[in-house]
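Colleague: this one's structure only:
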């Protein structure tokens, strides 16, 4: 193991240990915010795999977030399924739905996929309002979830357990994504993004790989939706508007496309930019919060076109240049 790799692994373990200690150090409200950051990070990781590494544009991934959330709550409320079973089931359903949904569309032009995902993001959350589903979904009023409990033998409150569970799933998702992108699937995904004609000429089944990447992305976003539903303990169609899908796309771009760490940076941005925008809108005495949000986003991307991850990489490169003996 090289010296640099040793320090990198040690730094990651130290960060995980520090993150895992948060439930003992912060208030319940702060823990709620931290949990949501981890939830957004899982969703943005899925978006970044799709958009950053494979070059596909989805304008409706909020639909998979809603599907994962509703699947989890419905299983828990109407079937008595424990949350630790409902989460992987929700992710598996989103994986299958994402793969099947994208498979026929990927034979067409990329714009057709973008249009289809936009339509899905608009339509799918409203299905819960249908009158014949209202006894199950709660219709437009939504469906609440009683306070779950931690698994037997875990001496933690549910909020603390949910934070640690979300942190564990994020770490496993990052590990899965890193191994996936280093392997055959990742090389094929990047080749399809950069040189699609050359990839096809080399025998790469572009439609299959793109559908697989789309399904994996949907799975991660669906798991994030499941965790988000547990955090809020409530689901309703109004929580999953098209702005959720745009927020995921924006968060991936702000964090840094084609970077795994960008998912975490983008999640922090999504969690706290709403506070900044809300304060700014109130100080300007305007109700046009989306306008203020758009201005903040444009200014951010103008100053940091490669996202926060690109800025961090430049800072580390500068530190290595000025620090003696750390070039390796």
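Modeller: Looks like it arrived, so ask away. Treat the numbers as computed from the prediction; the structure is a model and nothing was measured. Numbers count the residues shown, from 1 in each chain.
Colleague: going forward, measure contacts and count neighbours with C-alpha atoms only.
Modeller: Fine.
Colleague: number of nearby residues for residue 159?
Modeller: By other C-alpha atoms under 10 Å, 21 other residues sit near residue 159.
Colleague: wait, I meant residue 157
Modeller: Residue 157: 12 surrounding residues under other C-alpha under 10 Å.
Colleague: how distant is stretch 122-132 from the center of its chain?
Modeller: Chain-centre distance of stretch 122-132: 23 Å, with C-alpha atoms, centre = their mean, to the nearest Å.
Colleague: against residue 230, how distant is the closest residue to residue 157 other than its chain neighbours?
Modeller: Leaving out its chain neighbours, the residue that sits closest to residue 157 by C-alpha to C-alpha, 6 or more residues apart in numbering is residue 150, at 6.7 Å. In this view, residue 150 and residue 230 are 12 Å apart by C-alpha to C-alpha, to the nearest Å.
Colleague: compare these two (neighbour count), which wins?
Modeller: residue 230 (23 against 18).
Colleague: beyond the host helix or strand of the more buried one, next helix or strand please.
Modeller: Residue 230 belongs to helix 206-232 when assigned by DSSP states H and E. As assigned by DSSP H and E, the chain's next helix or strand after helix 206-232 is strand 234-235.
Colleague: what's in contact with the helix or strand following that following strand?
Modeller: Remark: after strand 234-235, the chain's next helix or strand is helix 242-255, criterion DSSP H and E. For helix 242-255, contacts defined as C-alpha atoms under 8 Å, 6 or more residues apart in numbering pick out 43-45, 47-48, 58-63, 118, 121-122, 261-267, 269-270, 300-301, 306-309.
Colleague: any of these buried? List them.
Modeller: 43-45, 47-48, 58-63, 118, 121-122, 261-267, 269-270, 306-309 (16 or more other C-alpha atoms under 10 Å).
Colleague: among these, name the ones in helices.
Modeller: Among the buried ones among the contacts of helix 242-255, DSSP state H puts 43-45, 47-48, 62-63, 118, 121-122, 262-267, 269-270, 307-309 in helices.
Colleague: gap between the spatially most central residue of the chain and residue 270?
Modeller: Centroid-nearest residue in the chain, with C-alpha atoms, centre = their mean: residue 43, separated by 0.9 Å. Distance of residue 43 to residue 270, given as C-alpha to C-alpha: 11 Å.
Colleague: returning to that earlier point: the helix holding residue 230 to helix 242-255, inter-axis angle?
Modeller: 110 degrees (axes from the mean of the first three to the mean of the last three C-alpha atoms, to 10 degrees).
Colleague: which helices and strands sit right next to helix 206-232?
Modeller: helix 28-48, helix 62-79, helix 83-105, helix 158-182, helix 184-194, helix 196-201 (3 or more C-alpha pairs under 8 Å, 6 or more residues apart in numbering; DSSP states H and E).
Colleague: for residue 60, which non-adjacent residue is spatially closest?
Modeller: residue 121 (4.0 Å).
Colleague: before we move on, the earlier item: the helix holding residue 230 to helix 158-182, inter-axis angle?
Modeller: Going by the same axes, to 10 degrees, helix 206-232 makes 170 degrees with helix 158-182.
Colleague: low-confidence regions, the protein specifically.
Modeller: Along the chain, the model assigns pLDDT under 70 to residues 1-4, 6, 274-294, 296, 324-328.
Colleague: gap between stretch 59-78 and the chain center?
Modeller: Relative to its parent chain, stretch 59-78 has a centroid offset of 14 Å by C-alpha atoms, centre = their mean.
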